[in-house]
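Novice: build me a model from this:
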Amino acid sequence: MSKFFAIPRVDTYFVLMTTVITVLGINPLIDVFRGTASPLDWILVILVVINWIVAAIALTRWYHHRSNQ
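Specialist: The predicted structure is shown next:
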């Protein structure tokens, strides 16, 4: 299988980009919860949630790897 679906390593760049994506995606997320979201807001919220899932998997793997050393 290709590395296209590989979970990235946890490093400073990864944490920074996850933070930036979360900050940019918080306004569409608020619109979705209010019920005033456009289709583009829904797409952005879906991408932010996917990013959170990838970040959670990466942080979990990093924590387990670090605790096994």
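
Novice: what about the most centrally placed residue in the chain, which helix or strand?
Specialist: When the chain is reduced to its mean C-alpha position, the nearest residue by CA atoms, centre = their mean turns out to be Asn51, at 1.9 Å. In this assignment (DSSP states H and E), Asn51 forms part of helix 39-67.

Novice: can you give me the mean pLDDT across that helix?
Specialist: Averaging pLDDT along helix 39-67 gives 86.

Novice: what packs against it?
Specialist: Counting contacts by 3 or more CB pairs under 8 Å, 6 or more residues apart in numbering; DSSP states H and E, helix 39-67 is packed against helix 12-34. C-beta: built from backbone N, CA, C; applies to glycine.

Novice: give the helix, strand or coil label for Arg9.
Specialist: For Arg9, the secondary-structure state derived from DSSP: H, G, I helix; E, B strand; the rest coil is coil.

Novice: could you check how many residues crowd around it?
Specialist: For Arg9, the tally of surrounding residues (other CB atoms under 10 Å) stands at 11.

Novice: can you check Thr12 too?
Specialist: Look at Thr12: counted by other CB under 10 Å, it has 7 neighbours.

Novice: so how far is Ser67 from the residue nearest to the centre of the chain?
Specialist: In this structure, Asn51 lies at 24 Å from Ser67, with CB to CB, to the nearest Å as the measure.

Novice: before we move on, the earlier item: quick one: the nearest residue to the residue nearest to the centre of the chain once chain neighbours are set aside from Ile50, how far?
Specialist: Among residues not flanking Asn51 along the chain, Ile21 sits closest, at 5.1 Å (CB to CB, 6 or more residues apart in numbering). Using CB to CB, we find Ile21 at a distance of 10 Å from Ile50.
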